[in-house]
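**Student:** What follows is a protein structure lacking sequence information:
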Ligand code: SF4
Ligand code: SF4
């Protein structure tokens, strides 16, 4: 008979250890370096080729021209659609897009999910 | 005693997924069982046809929240086969590494769930705590915990550097020590053995006849593993064992999985030590030449099959997915018949099912006339518009979410 209660010693040890969980959101959650979170856009680099829009698997990103006279563009991301795949970042020929480590994107207002980035 | 038919599901009979079982009870024993799928059809195969090959990777990766890398790998393998592309060696090694880490987290997840199903919450809690180590590692290597986005057509998207290699090796040491402990628990703890031995029997002949795959098949004593039988990625250059067991019950499936985790550590170590230098991807044109290909991949749950047909454009003409759970479903009734009602949840859980990955097609059958209807895309859309109209919602002006 090999017996039962094999995990009891481990459980008892836990009584004197601090918890493995954290008290999110009071305590900050840790994300790893190079995490693929919310997108960041650099207006100065964008040439308005819209390749990012073409490759996006979920039609989440939109590039709009903001000036009549100059080639200045603004990127909008629909956070309710973006799957944070980073394909737009890979495809952008000018490196105008970047993934940040921000993951706290929840909102109670659906309209606000379309964000200028 | 009169026989009684009871429904189990479709609300989460075992795992948190919808599927429905009808069980004919004779006392406490199951006399007959049938499975009904179709509660989670997502139309993914169809959706693939209106997206480009690259976009489909991210869609297909989301077939499963656990074996995401398996589905995307199986798909890109098929596309690469049509295009006649050989991926760089380093990319093959990186795919293998992520694939094996995925197997580790999937099997640990399963072990925790198995503990939960049999009321062994302690096992569940501790295993899931330790699974976080491999989840963190995957996040560090790929940028995400679950949908790694590692694959692309022609290779992988991220490389690993020497610091990450060190981190992998360090994490593997801790994981290996913890897993050895769980192996001891699973093979010595009498309450686990007593609960699982003899439950959900699937004799070798039945497993073969019903086409079981993965750990379910291997636990019935059949040595079959795509990594050995039809090697892809870097597997032909790696040294590892295919774990089998002769228990042919839930205990056997547990044993196979926990020992497979150890083999995965072995593979990961070889991969990071022998990783060749070089590029991680080759450039592939957006348009894939006409052709078709069939690809097999040993997902944590068993053989995952993708079939892709191309027509020379940048979008596939047809994508077909056979998730491992579909192969194992046929055996479920065999496993639960003759057993006790109380064993049903753990027996279902023991094939490590993924029902939403499996749901593929809707068959509409008129219950009175027995006539079957098949709908094409436009017909199905019209059917849904009419259905809502009868209930007072007019969707006829709504544009389709995705235009061709
Ligand atoms: S791909 Fe880059 S440069 Fe082109 S529109 Fe998008 S952000 Fe601008
Ligand atoms: S991260 Fe992916 S889903 Fe989000 S905008 Fe970029 S391409 Fe689209």
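**Tutor:** Yep, it's here. Please read these numbers as outputs of a predicted model, since none were measured by experiment. Numbers count the residues shown, from 1 in each chain, chains lettered A, B, ... in the order given. Ligands and ions are numbered 1, 2, ... in the order given.

**Student:** Chain neighbours aside, what residue packs nearest to residue 6?
**Tutor:** This is for chain A. Of all residues not flanking residue A:6 in the chain, residue B:189 sits nearest, at 4.3 Å (Cβ to Cβ, 6 or more residues apart in numbering or on different chains). (Each C-beta comes from the backbone N, C-alpha and C, glycine too.)

**Student:** not quite, I wanted chain B
**Tutor:** In space, and not counting its chain neighbours, residue B:6 is closest to residue B:23: 5.4 Å by Cβ to Cβ, 6+ apart.

**Student:** Would you mind identifying the next helix or strand past the worst-scoring helix or strand of chain B on mean pLDDT?
**Tutor:** Every helix and strand in chain B was compared by mean pLDDT, DSSP states H and E; the lowest is strand B:364-365, with a mean of 68. As assigned by DSSP states H and E, the chain's next helix or strand after strand B:364-365 is strand B:372-373.

**Student:** Please tell me how far that following strand is from the chain's geometric centre.
**Tutor:** Chain-centre distance of strand B:372-373: 30 Å, with Cα atoms, centre = their mean, to the nearest Å.

**Student:** I'd like to know how far residue B:266 sits from residue B:217.
**Tutor:** Between residue B:266 and residue B:217 the distance is 21 Å, computed by Cβ to Cβ, to the nearest Å.

**Student:** The residue in the stretch 201-350 of chain B that ligand 1 sits nearest to in helix, strand or coil?
**Tutor:** Nearest residue of the stretch 201-350 of chain B to ligand 1 (Cβ to the nearest ligand atom) works out as residue B:286 at 14.9 Å. Classification of residue B:286 using DSSP: H, G, I helix; E, B strand; the rest coil returns coil.

**Student:** Poorly predicted segments of chain B, please.
**Tutor:** Where chain B drops to pLDDT under 70, the residues are B:1, B:360-364, B:400-404.

**Student:** what's the longest helix in it?
**Tutor:** Looking across chain B with DSSP state H, the single longest helix is helix B:89-117.

**Student:** what ranges do the strands span in chain A?
**Tutor:** A:39-41, A:61-65, A:73-78, A:97-99, A:114-116 (DSSP state E).

**Student:** before we move on, back to that, what residues are up against the residue nearest to residue B:6?
**Tutor:** B:5-8, B:30, B:32-33, B:336, B:341, B:344 (Cβ atoms under 8 Å, 6 or more residues apart in numbering or on different chains).

**Student:** repeat that with 7 Å
**Tutor:** Counting by Cβ atoms under 7 Å, 6 or more residues apart in numbering or on different chains, residue B:23 makes contact with B:6, B:8, B:30, B:33, B:341.

**Student:** Now do the buried residues in the helix or strand where it lies.
**Tutor:** Assigned by DSSP H and E, residue B:23 belongs to strand B:20-26. Residues B:20-21, B:23, B:25 are the ones in strand B:20-26 that count as buried (16 or more other Cβ atoms under 10 Å in any protein chain shown).

**Student:** what's the answer for stretch A:69-77, then?
**Tutor:** For stretch A:69-77, using 16+ other Cβ under 10 Å, the buried residues are A:73-75, A:77.

**Student:** Walking through chain B, point out its strands one by one.
**Tutor:** For chain B, the strands defined by DSSP E occupy B:4-8, B:20-26, B:29-36, B:151-152, B:155-156, B:291-299, B:302-310, B:316-322, B:364-365, B:372-373.

**Student:** Residues in contact with the fifth one: which ones?
**Tutor:** Spelled out, that is strand B:155-156. For strand B:155-156, contacts defined as Cβ under 7 Å, 6+ apart pick out B:87-88, B:91, B:94-95, B:150, B:280-282.

**Student:** And the first one, by the same measure?
**Tutor:** Applying Cβ under 7 Å, 6+ apart, the set of residues contacting strand B:4-8 from outside is B:20-25, B:344.

**Student:** Please name the strands paired to that strand in the sheet, noting orientation.
**Tutor:** strand B:20-26 (antiparallel) (DSSP bridges).

**Student:** what does the fourth one give?
**Tutor:** In the sheet containing strand B:151-152, the strands it pairs with under DSSP bridges are strand B:155-156 (antiparallel).

**Student:** how much distance is there from the partner strand to the middle of the chain?
**Tutor:** 21 Å.

**Student:** Correct me if wrong: residue B:3 contacts residue B:30.
**Tutor:** No: in this structure, residue B:3 is not within contact of residue B:30 by Cβ atoms under 7 Å, at 10.4 Å.

**Student:** which residues in the stretch 201-350 of chain B form helices?
**Tutor:** Secondary structure of the stretch 201-350 of chain B (DSSP state H, counting those that start in this stretch): helices at B:204-209, B:214-218, B:226-229, B:250-274, B:324-336, B:344-349.

**Student:** quick one: low-confidence parts of chain A?
**Tutor:** For chain A, the stretches flagged by pLDDT under 70 are A:1-2.

**Student:** how close does the residue positioned nearest the centre of it sit to residue A:81?
**Tutor:** In chain A, the centroid-proximal residue (Cα atoms, centre = their mean) is residue A:37; its distance is 1.8 Å. Counting by Cβ to Cβ, the gap from residue A:37 to residue A:81 is 15 Å.

**Student:** could I get the buried residues of strand B:20-26 as TSV with distance to ligand 2?
**Tutor:** Listed next are those as TSV, based on distance: Cβ to the nearest ligand atom, whole Å:
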residue	distance to ligand 2
B:20	34
B:21	37
B:23	43
B:25	48
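
**Student:** Filtering those residues by proximity to ligand 1, which remain?
**Tutor:** Among the buried residues of strand B:20-26, proximity to ligand 1 is found for none (Cβ under 6 Å from any ligand atom).
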